[in-house]
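Trainee: What follows is a predicted structure for the sequence shown.
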Amino acid sequence: MSNNSDIELSNSDDCEKYVNQFIQEFPLRRAEIGQGTVIKRALPSRHKRMIGAWCFLDHAGPASFPQGDGLDVGPHPHIGLQTFTWMLQGTMMHNDSLGTQQLIRPKQVNLMTSGYGISHTEVSPESETHMHAAQLWIALPDDKINMAPAFEYYPELPVVHDQGIEFTVLVGEYLKTVSPVKVHSELLGVDLYAAESTSARLALNPKFEYGFMVLEGTASINGHELTEDNMLILEPGLEQVNADIHAGSRILLIGGEPFESPILLWWNLVGRTTEELKIARQQWIEGHERFGSIPTYDGPRLEAPVFPDRMRASR
């Protein structure tokens, strides 16, 4: 079950107790944006700041709204991270200061690398009436934190079927299937969908920490109930877990090696020192060329909030 070969497990009860030492459960936070679109935030949390390089995770929707009342997030800056959007229902238009214009549709991924600096908008088309997506941020490693900004669009992701589950490999490698999504740390992201109720044994990398979150329906991991209101965290050391996924349910699995350095995450910025973040904030306020512009957007830029007196590092 793990690299700790000196531990002998005499029966299945001992095995389950051993595995459960590695599993933690915590509640998600809820907020409402736009017209009735509920956001459930998993990361960062006071219970867990990061999972590998994954430093932010929001589950948006599912939501329905009148035409013209969808998401409309004006220009805002990013540094030191990659934004990763996995769309499940509806569409959204991405525009950025590189000149990118990309409509994302269900089962597609948008990946934006901020590096030294970028700005972008996220807007639902006028005709759109649905929204369901997971948005994640990936902290860039120390040697990539100031890399040139970039944008990549992935209209198709690899899918593999096993044990009654449809696995879409979003990031990294799973079941000998490799995602094309370009990241800069040892990471995993997988969407698991079960049309019918199924029980499966999921292989894990013992060097990784993991997180499970429901996108639709319910499930359980080694007997721990997984609902739309909680997240399960697995610490490094496990080679497999048992999953019971109920009919019509969809689970997001993310994982990675513990991140190399503590990070500071504030507003839309990721850095290593408060000075870095303060400089970026001031440059955004002043309209510095670092973040470019998005002349196609008809509306105001987002205003930077007041910088906090204290910041908590994530790792």
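Mentor: Good, I have the coordinates.

Trainee: for residue 304, what are its contacts?
Mentor: Residues in contact with residue 304 (CB atoms under 8 Å, 6 or more residues apart in numbering) are 267, 281, 284, 285. Heads up, the C-betas are built off the backbone N, CA and C, glycines and all.

Trainee: Is the third one in a helix, a strand, or coil?
Mentor: Which is residue 284. Following DSSP: H, G, I helix; E, B strand; the rest coil, we place residue 284 in the helix state.

Trainee: hang on, the earlier thing: give me the buried subset of the contacts of residue 304.
Mentor: Under a neighbour-count criterion of 16 or more other CB atoms under 10 Å, the subset of the contacts of residue 304 counted as buried comprises 267, 281, 284.

Trainee: Closest to residue 65 out of these?
Mentor: Checking these against residue 65 with CB to CB, the nearest one is residue 267 at 25.8 Å.

Trainee: Which pLDDT value goes with the nearest residue to the closest one once chain neighbours are set aside?
Mentor: Nearest-residue entry for residue 267: residue 305, 6.0 Å, with adjacent residues in sequence omitted and distances by CB to CB, 6 or more residues apart in numbering. At residue 305 the predicted local distance difference test score is 96.

Trainee: cool, residue 8 as well?
Mentor: 39.

Trainee: can you count the residues close to residue 235?
Mentor: Here the neighbour count serves as a burial measure; for residue 235 (other CB atoms under 10 Å) it reads 14.

Trainee: mind listing what it touches?
Mentor: For residue 235, the contact set (CB under 8 Å, 6+ apart) comprises 22, 23, 24, 209.

Trainee: Which two among those residues are spaced furthest apart?
Mentor: Comparing all pairs in the contacts of residue 235 by CB to CB, the longest separation belongs to 23 and 209, at 11.2 Å.

Trainee: Of the two, which one has the most company?
Mentor: Neighbour comparison, residue 23 and residue 209: the larger count goes to residue 209, with 24 against 18 (by other CB under 10 Å).

Trainee: distance of the more buried one from residue 99?
Mentor: Counting by CB to CB, to the nearest Å, the separation of residue 209 from residue 99 is 37 Å.

Trainee: Can you mark which positions in the helix or strand residue 31 falls within are buried?
Mentor: When elements are assigned from DSSP states H and E, residue 31 belongs to strand 29-33. Along strand 29-33, no position meets the burial threshold by neighbour count (16+ other CB under 10 Å).

Trainee: Please work out how many residues are found near the nearest residue to residue 203 once chain neighbours are set aside.
Mentor: Ranked by CB to CB, 6+ apart and with sequence neighbours excluded, the top spatial neighbour of residue 203 is residue 240, at 5.5 Å. By the measure other CB under 10 Å, the count of residues near residue 240 is 15.
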